[in-house]
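**Student:** got a predicted model here, sequence first, then my questions.
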Amino acid sequence: MKYNSIRPGQIWLDTEGKRIQAHGGSIITVGDTFYWYGENKENTKAGNGIWHWGVKCYASKDLYNWEDKGIIIPPNEEDENSPLYPSQFMDRPHIIFNEKTGKFVCWLKIMKKEGTQESTVLISDHILGPYTMAKSGLRPLNMSAGDFDLVLAPDGKAYYYFERVHSELVCADLTEDFTDVTGYYSTHFPNIQPPYVREAPAYFNRKGLHYLFTSGTTGYHPNPSEVARAKTFHGPWEILGNLHTEDSTCTSFNSQITSVFKHPFKKDLYIALADRWLPKLPEVIGDDFYNGNRYRTVEERFKLLFGPDRDLVIPEESKNDSASERQEYGLGLDVDTSIADYVWLPVRFDGEMAYLDWKDEWKVEDYE
């Protein structure tokens, strides 16, 4: 099938007719070719113990039709202690190019089963690999580092925005080779607990202003996104509000933004790339999904589960949920992400405010 438009939320196939597997991903442009890479979830079924099958990459000239270029960072099937072992919680690859070293540098988030989170850093001479591991078990700034974004500045410096798990968002300067942090950092958006802690930071720069899209923290269940703006990489950040103002479901159109891609050959086209982790959620929940009641229930549940009385209070609904309901609601990690879809939408600007409006279909050619 050949595409001539982007259709948010619909099943997206590659040029071989297979589901695209590039979750928690981003796009990097090399020459005139776009490379979309992300978590390969093709083998991740609920209950089978496989979290990922490496990092996969696709190539395109038009952002519509994507050729499978293979697994650029393969899983390590032999070493159970490797961060790339299929049952390890490897998330959200981000790749930037270092002009000084001539290396593509990839950071991975690794959620440890004991609850802490670490980073793995790999380098390559080519976007498609092979990648060699430069660092593993890295705790940037001696912190538990969760969802993140890597940012390359016009002057060649690079920055690492990450969620200090269940606490705040951190902006840290990277070393010259982009494989570690320098030690200089700033902290932002302090929150006491989920669901209010900001995760999934997605950075972009427009007209001299710095922007961050972030989500709340409610497991796989989607929640309202938020946009903030600053004049420097290190802030201070001004929260502008919810960018999905038309969304009555309070779920960011049933998606979580993973990155924002500035089209290099367009004047002012910024595309928010998002994952729809639970495509069946509306049919499972019904009316309460569409009117936002289900999200409000999840919000209250996370307040209780992560609040000061979490050891004393177990919500009645949690007691009644079956395992299958917990999977469909996205309250745990045991979800069939092999069928997750994508929601790509162009960012609309009104002055300095950014919005995402729902579109069943849209074309890159409609933008200058």
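**Tutor:** Looks like it came in fine.
**Student:** all helices of the stretch 151-300 of the chain, in order?
**Tutor:** Remark: helices assigned in the stretch 151-300 of the chain by DSSP state H, counting those that start in this stretch are 281-285, 287-290, 293-305.
**Student:** which one of those helices is the most hemmed in?
**Tutor:** Ranked by mean neighbour count under mean count of other C-beta atoms under 10 Å, the helices of the stretch 151-300 of the chain are led by helix 293-305, which reaches a mean of 18. From N, CA and C alone the C-beta is placed, and that goes for glycine too.
**Student:** still on that earlier bit, would you reformat the helices of the stretch 151-300 of the chain as a markdown table and include distance to residue 31 and mean pLDDT?
**Tutor:** What follows is these, written out as a markdown table (distance: least, C-beta to C-beta, whole Å; pLDDT from 0 to 100):
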| stretch | distance to residue 31 | mean pLDDT |
| --- | --- | --- |
| helix 281-285 | 39 | 92 |
| helix 287-290 | 43 | 96 |
| helix 293-305 | 42 | 92 |
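**Student:** want to throw these into CSV with distance to residue 122?
**Tutor:** Listed next are those as CSV, based on distance: least, C-beta to C-beta, whole Å:
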stretch, distance to residue 122
helix 281-285, 33
helix 287-290, 39
helix 293-305, 33
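**Student:** next up, the contacts around residue 147.
**Tutor:** Counting by C-beta atoms under 8 Å, 6 or more residues apart in numbering, residue 147 touches 91, 92, 109, 162, 163, 199, 200, 201.
**Student:** please apply the same query to residue 100.
**Tutor:** Contacts of residue 100 by C-beta under 8 Å, 6+ apart are 156, 176, 177.
**Student:** neighbours of residue 14, how many?
**Tutor:** Other residues within reach of residue 14, judged by other C-beta atoms under 10 Å, total 20.
**Student:** check residue 178 too.
**Tutor:** 25.
**Student:** for residue 115, same thing?
**Tutor:** Counted with other C-beta under 10 Å, residue 115 comes out at 9.
**Student:** what residue lies at the spatial centre of the protein?
**Tutor:** residue 258 (2.8 Å; C-alpha atoms, centre = their mean).
**Student:** is residue 65 in a helix, a strand, or coil?
**Tutor:** coil (DSSP: H, G, I helix; E, B strand; the rest coil).
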